[in-house]
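Undergrad: Only the shape, not the letters, is given here:
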């Protein structure tokens, strides 16, 4: 138990082994009851973790071993031997019982292990007692027995079973083989070599991935918890970094030890350079891609964690922003570790134009829709390997690559984006950071990813087209209302022009004519402004309703019968756009005038009705039937007038509804019609009225 210069390295080495066996045993605890070998495997992992932890603790106290670590080493050897015995005789299969002749040997071995364990706890198993070769000889015998059990367990299995257990046999056999080397060396030289002892922890830690790999293959004793590729990736990176740092630390120690006066300088410089190299490797995209591919290829039956990949793919496409094309390339490229690519999309002309590029200098070449490339992609829906087209052209019968695609920088794959059986676009990807074999799994994943990306791009294209269509619809609707207003203005000016010859010398007529012309000019200017600025936003403001009604009536002054106003409640206000509310009321007044004979009357009453303002437009005209009101009155482009457009009442009701009000109609044929415009009272006025009450 003498102190040695390598105790710090031994502490790191055995500490790494302890962490490895803890990480191996924890997932097994979740389902040990349902696994045939679960309890024994957990026991072996726990014993190994405790043994390695005890040696690491001893190394921190500048000792190689303690009585506790000796006892735990015996327990660890016994646990792994027991696991091999259980593995050798699968008690769940009657045809594979342990050979009868082997059972006495195992019984004797179990007794020896028990005695060794008692001796270790009693302090008679100390390796420092090298004058007595019994402790070392017994450990050599344990190592030899373990290797024999490994050989028997592997040899007595079928080919399929060997595929499942070969890595765990290699791992346990490696542990016992290293112990055999360590203690044989100690027996020969009558002392334990500190260097070999310190490296023992790393050797045991290296067996952990092999056992974990067999756990994934052998269903009868594997963990029910699946280790995700992300966890495996980070664990492998961390594990590799630990081994690298341990090796570099050992090398740095020797540089210091043999470097003389320059030893410390050489050690610090070497360690700094090693850390820089490690950081460069860990942050290298090429290395990360290689590690992901290596883990998927050697530790999993499928190359992808489909849940993780699909969540990442959907999340990338669903991010907010206008660069959906770039995100589509990025999502597809990430599936095969490609560093960049470019997207071509079908346009109305049928040609495929480049619309986005991600991490590559984009090219502006347009590919005709009837080219050999596009016809091949649409008919076969294949992912094209550009390198394979050159080396094995017979696989792509009828395909002729365009020159721009042959010259594409680091071009690798052409992934079609299909919408059903129609080619929507295609993505050209650059060569992957790490070599990837294009098997059926990769190609199928790229096919479905291309279809999913095409659906997102098509949805965006449809949304843009719908937005443009709505803009045109809004403009056309506004144009229709403007034409309707122009018709009313033309009617007013025509009527005034017809009466001008008769009343041109009447000062009152002249005043009305000037006012009508001035108002008409103002309305036409507003209409032109709305047509020229389709983005003009309405700004509702509190309006005095009686002023708006009077303004609407003033524009109808030239008509007969002339409308009359009755204000029952003055000072009422509503929240609305002045010009539009005036136009709505003007439509209703104009309709009442046109439906009423010259000897009839049109009356407008303004009053308060609870928390609302009520504007009644009453005429003594022809009236309407209930059927007409129900089925035709509010239907656009339906009118009883020969020159009518049928949108005045429709627009009036739509705007009144927007303001939170309602339009009510009551009419009887030959007796007249009453329109009631009911609008919410301006809230501030309503609160003042409530407080006054």
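TA: It's in. On a predicted model such as this, the values are computed, not experimentally measured, just so you know.
Undergrad: Quick check, pLDDT for residue 5.
TA: Looking at residue 5, its pLDDT reads 47.
Undergrad: helices and strands around the host helix or strand of residue 495, which ones?
TA: In this assignment (DSSP states H and E), residue 495 forms part of helix 440-503. Judged by 3 or more C-beta pairs under 8 Å, 6 or more residues apart in numbering; DSSP states H and E, helix 440-503 is in contact with helix 306-318, helix 324-334, strand 411-419, strand 422-430, helix 507-532, helix 578-595, helix 648-658. C-beta: built from backbone N, CA, C; applies to glycine.
Undergrad: Run the angle between it and helix 648-658 for me.
TA: 120 degrees (axes from the mean of the first three to the mean of the last three C-alpha atoms, to 10 degrees).
Undergrad: ok, now which ones touch residue 8?
TA: Counting by C-beta atoms under 8 Å, 6 or more residues apart in numbering, residue 8 makes contact with residue 59.
Undergrad: pLDDT score for it?
TA: We note a pLDDT of 72 for residue 8 in this prediction.
Undergrad: for residue 643, same thing?
TA: Looking at residue 643, its pLDDT is 48.
Undergrad: got it, and the one 3 residues further on?
TA: We have a pLDDT of 57 for residue 646.
Undergrad: and the helix holding residue 495 with helix 578-595, angle?
TA: Helix 440-503 and helix 578-595 are oriented at 60 degrees to each other (the same axes, to 10 degrees).
Undergrad: any weak-confidence spans in the stretch 301-450 of the chain?
TA: Scanning the stretch 301-450 of the chain for pLDDT under 70 picks out 301-306.
Undergrad: buried set for stretch 178-197?
TA: Using 16 or more other C-beta atoms under 10 Å as the test for burial, stretch 178-197 gives 178-183, 186, 192, 194, 197.
Undergrad: just to revisit the earlier point, out of the helices and strands packed on helix 440-503, which is closest to residue 368?
TA: Smallest distance to residue 368 across these (C-beta to C-beta): 12.3 Å, for strand 422-430.
Undergrad: Put together CSV for the helices and strands packed on helix 440-503, with mean neighbour count on each row.
TA: Shown next, in CSV, are these (neighbours: other C-beta atoms under 10 Å):
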stretch, mean neighbour count
helix 306-318, 14
helix 324-334, 22
strand 411-419, 23
strand 422-430, 23
helix 507-532, 14
helix 578-595, 21
helix 648-658, 19
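Undergrad: Output those as TSV; include the columns distance to residue 167.
TA: Shown next, in TSV, are the helices and strands packed on helix 440-503 (distance: least, C-beta to C-beta, whole Å):
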stretch	distance to residue 167
helix 306-318	25
helix 324-334	30
strand 411-419	34
strand 422-430	35
helix 507-532	78
helix 578-595	80
helix 648-658	73
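Undergrad: The stretch 251-400 of the chain: strands as residue ranges?
TA: Using DSSP state E, counting those that start in this stretch, the strands found in the stretch 251-400 of the chain span residues 341-346, 352-358, 384-385.
Undergrad: so what does the last one touch, helix or strand wise?
TA: Going back to what we said before, that points to strand 384-385. Going by 3+ C-beta pairs under 8 Å, 6+ apart, strand 384-385 lies up against strand 411-419.
Undergrad: Show me the residue at the heart of the chain, geometrically.
TA: residue 315 (1.2 Å; C-alpha atoms, centre = their mean).
Undergrad: Export the buried residues of stretch 178-197 to a markdown table and append columns for pLDDT.
TA: As requested, the buried residues of stretch 178-197 are arranged in a markdown table below (pLDDT from 0 to 100):
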| residue | pLDDT |
| --- | --- |
| 178 | 90 |
| 179 | 89 |
| 180 | 88 |
| 181 | 87 |
| 182 | 87 |
| 183 | 85 |
| 186 | 83 |
| 192 | 81 |
| 194 | 84 |
| 197 | 85 |
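Undergrad: Out of those residues, which two are the most distant from each other?
TA: Largest pairwise distance in the buried residues of stretch 178-197, by C-beta to C-beta, is 18.3 Å, between 180 and 194.
Undergrad: Show me which of the buried residues of stretch 178-197 is closest to residue 664.
TA: Among these, residue 178 lies closest to residue 664 (C-beta to C-beta), at 96.9 Å.
Undergrad: Next up, phi/psi of that closest one, please.
TA: In terms of degrees, to the nearest 10, the main-chain angles of residue 178 are phi -70, psi -40.
Undergrad: Work out for me the element the nearest residue to it once chain neighbours are set aside sits within.
TA: The shortest distance from residue 178 to any non-neighbouring residue, by C-beta to C-beta, 6 or more residues apart in numbering, is to residue 203 (4.9 Å). Using DSSP H and E, residue 203 maps to helix 194-217.
Undergrad: which residues does the residue nearest to residue 393 when sequence neighbours are not counted contact?
TA: Counting by C-beta to C-beta, 6+ apart, residue 393 lies nearest to residue 399, which is 7.7 Å off, once chain neighbours are set aside. Residue 399 makes contact with 372-373, 376, 384, 389, 393, according to C-beta under 8 Å, 6+ apart.
Undergrad: would you turn the residues you listed into JSON lines with neighbour count?
TA: Listed next are the contacts of residue 399 as JSON lines, based on neighbours: other C-beta under 10 Å:
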{"residue": "372", "neighbour count": "13"}
{"residue": "373", "neighbour count": "20"}
{"residue": "376", "neighbour count": "21"}
{"residue": "384", "neighbour count": "24"}
{"residue": "389", "neighbour count": "17"}
{"residue": "393", "neighbour count": "12"}
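Undergrad: would you turn those into JSON lines with distance to residue 168?
TA: JSON lines is the format used below for the contacts of residue 399 (distance: C-beta to C-beta, whole Å):
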{"residue": "372", "distance to residue 168": "54"}
{"residue": "373", "distance to residue 168": "51"}
{"residue": "376", "distance to residue 168": "49"}
{"residue": "384", "distance to residue 168": "43"}
{"residue": "389", "distance to residue 168": "44"}
{"residue": "393", "distance to residue 168": "46"}
